[in-house]
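**Student:** no FASTA, just this:
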Ligand SMILES: [Zn+2]
């Protein structure tokens, strides 16, 4: 349904080497060897086709970097940890894309903005000790996965926890006061957006009140923060509204 709404280009899978920049070989071996549906954590089921799906999703994130595009992928990625799956996520697509930009496109400083309603704990974990990647997250807190609370930060990790019930004005104020200054000061050559849409008012999994217009404005302001911008889909669990919200963000990125 989502892919029917846009002109899309099919991606190709990321290589093992590209994914190993963010994930442990032993974990990827386990994912590759699954033969029956298996619960990898209480929320995350994977099966014999999941490894291929994860490589395809990561590969689309790389293509989005190349084209300045939006990777419309599942499974999402931002909860995936170096050594294990978590919260529907198998491979951290946006993290693999950031490492790709640095290793293969010779981009030095990469910023990742995560506006999915959940904290991007996997992405934070991968880059916590890496001063060349800025991670900035807007998310509902306290909420799943529990990380990203006040004070959890370092020089290149900025968490902006927001209370349940926050809407467009709250998000845009947080963007202007916290996100934009942090990203501008970092002077990234590339901004990657972990674009989840589960902060939408109708989303069944969370309690925020962002509208389509809010996502459009978040995207418009994000696009102004770096010379190159690409986006990767994270959450968003109302299949009827997701195409509208992705469309609104695409408009914002292009304005
Ligand atoms: Zn989410």
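**Tutor:** Good, I have the coordinates. As the structure is a computational prediction, the values presented were derived from the model and not from experiment. Numbering: from 1, shown residues only.
**Student:** Tell me if stretch 75-82 is near the ion.
**Tutor:** No: figure legend: stretch 75-82 not in contact with the ion (C-beta under 5 Å from the ion); closest approach 7.1 Å. Where C-beta positions appear, they are placed from N, C-alpha and C, glycine not excepted.
**Student:** contacts for that stretch?
**Tutor:** For stretch 75-82, the external contacting residues (C-beta atoms under 8 Å, 6 or more residues apart in numbering) are 22-24, 27, 50, 53-54, 57-58, 61, 86-96, 114, 116, 118, 120-123, 125-126, 145, 194, 196, 232-235.
**Student:** What subset of the residues you listed is buried?
**Tutor:** Using 16 or more other C-beta atoms under 10 Å as the burial test, the contacts of stretch 75-82 include 22-23, 27, 50, 53-54, 57-58, 61, 86-96, 114, 116, 118, 120-123, 125-126, 145, 194, 196, 232-235 as buried.
**Student:** of the residues you listed, list those near the ion.
**Tutor:** 116, 118, 196, 235.
**Student:** Can you say which helix or strand has the second one in it?
**Tutor:** Yep, that's residue 118 we're talking about. Take DSSP states H and E as the rule and residue 118 turns out to sit in neither a helix nor a strand.
**Student:** show me what contacts the residue in the stretch 151-255 of the chain that the ion sits nearest to?
**Tutor:** Using C-beta to the ion, residue 235 is the residue of the stretch 151-255 of the chain that sits closest to the ion, at 2.9 Å. Going by C-beta under 8 Å, 6+ apart, residue 235 touches 76, 88, 116-118, 196-198, 205.
**Student:** go on, residue 114?
**Tutor:** Contacts of residue 114 by C-beta under 8 Å, 6+ apart are 78, 94, 120, 123, 135-139, 193-194, 196, 234.
**Student:** Might you report the residue contacts of the residue of the stretch 1-150 of the chain found nearest the ion?
**Tutor:** Nearest to the ion, among the residues of the stretch 1-150 of the chain, is residue 118, at 3.6 Å (C-beta to the ion). Applying C-beta under 8 Å, 6+ apart, one finds that residue 118 lies in contact with 78-79, 87, 139-140, 143-145, 196, 198, 206, 235.
**Student:** and those residues as a markdown table, adding pLDDT?
**Tutor:** Below are those laid out as a markdown table (pLDDT from 0 to 100):
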| residue | pLDDT |
| --- | --- |
| 78 | 98 |
| 79 | 98 |
| 87 | 98 |
| 139 | 98 |
| 140 | 98 |
| 143 | 98 |
| 144 | 98 |
| 145 | 98 |
| 196 | 98 |
| 198 | 98 |
| 206 | 95 |
| 235 | 97 |
